[in-house]
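Engineer: With the input below, show me the fold.
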Amino acid sequence: RFYGTFDQSIPTTWFQRRPAIMLNHFQAEGLWDPTLLAPKLADIEPLSNTAWQLLLKNPNARGEVWFTLDGSDPRNPLNGLPTTAAAVSTTEPVTATLPARLAARVLAGTEWSPLLEETLPGPRAPGCIVINEFLADPLGEDEGCEWIELHNTTDMPIDINGWILRDNGSDLHAIRHPSPLVIAPRGYLLLAQCHDAAEPDGLPIDYIYGADFQMNKAGDEIVLLEGHRIIDAAAFGDYQKLVHPLPNIIPISPAPGAAIARLSGSEVTAWTIATEPYGALGHHGTPGRINTMPTAEPGQSSWGAY
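Structural biologist: Numbers count the residues shown, from 1 in each chain. Next comes the predicted model:
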């Protein structure tokens, strides 16, 4: 009984309290090479609603990348060989059917690198993220000062890295962020055309899409996609009706310096011109937070609003 307790304490307690000592021992015995680095997930490209294309990179000058898409370790702990579920990666992209769990290591001779693990979520349902508010006609210099606010309507965090922002014309921007671009449960995220240092209103900018996507104040479309699936879309003014379905037709034209804000739902009456002032230039809107209803009673300014 004592031996069993002691045996269990080795991985659960002893190793965890002495990581540096154990790694030195492993290195001295040739069981661990600190110069052999884990592989990297260099790129993700949505192919469809149910598949992503992954590009795995070996940061080492030696070895091959072995991986699985079911979350199992590609290294067999009993014999140190690749498992039967593992496949070797080449320079070509790997296609993963969603949802999937990527597990990858570099094998150089008989040595394995640390493990890379990534969870690849299944496709999101339309409406989980909504286009909540946008400024299409900013005051002053128009170039680079437009913004779009997204709202997470769910109780789960959602990473929009790799999603597409486009219109029904030629404007298209693939969201590429060096780390996960997560919208918190019931939270907000602000996409902007301008750099925050060049924006005098102090907007809480989370991501800059630059000149790839520009709104026409006379009328345009905002389409948010994950792969080929439309998550949400909105149109205002003289918009194009082809290519992508538009569930939110907004019967409001942009007013100079005022955002168009969603109150709730997708009905034509669910949108309004923002009236709450912000910043130093005289703009109106609630970028990065809940929208307000202009006709609400005192103390209920956010009732029914997104």
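
Engineer: Find the nearest non-adjacent residue to L181, please.
Structural biologist: N161 (4.5 Å; C-beta to C-beta, 6 or more residues apart in numbering). Yep, even glycine has a C-beta here, placed from its N, CA and C like the rest.

Engineer: The one you found: which element?
Structural biologist: For N161, there is no host helix or strand (DSSP states H and E).

Engineer: Need the pLDDT of it.
Structural biologist: N161 is assigned 91 on the pLDDT scale.

Engineer: Could you count how many residues lie near it?
Structural biologist: By other C-beta atoms under 10 Å, 15 other residues sit near N161.

Engineer: same deal with E117?
Structural biologist: For E117, using other C-beta under 10 Å, the count is 13.

Engineer: now P185
Structural biologist: 12.

Engineer: Pretty sure P157 is one of the things it touches, is it not?
Structural biologist: Yes - look at P185 against P157 with C-beta atoms under 8 Å: they come within range, at 6.0 Å.

Engineer: if I pick the residue nearest to L181, what's in contact with it?
Structural biologist: N161 is in contact with I44, I175, R176, H177, S179, P180, L181, counting by C-beta atoms under 8 Å, 6 or more residues apart in numbering.

Engineer: Dump the residues you listed to TSV, plus pLDDT.
Structural biologist: Shown next, in TSV, are the contacts of N161 (pLDDT from 0 to 100):
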residue	pLDDT
I44	72
I175	94
R176	92
H177	91
S179	88
P180	88
L181	92
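
Engineer: So which of the residues you listed belong to strands?
Structural biologist: When the contacts of N161 are checked against strands (DSSP state E), the matches are I44.

Engineer: among the contacts of N161, who's most crowded?
Structural biologist: That'd be L181 among those, by other C-beta under 10 Å, with 18 neighbours.
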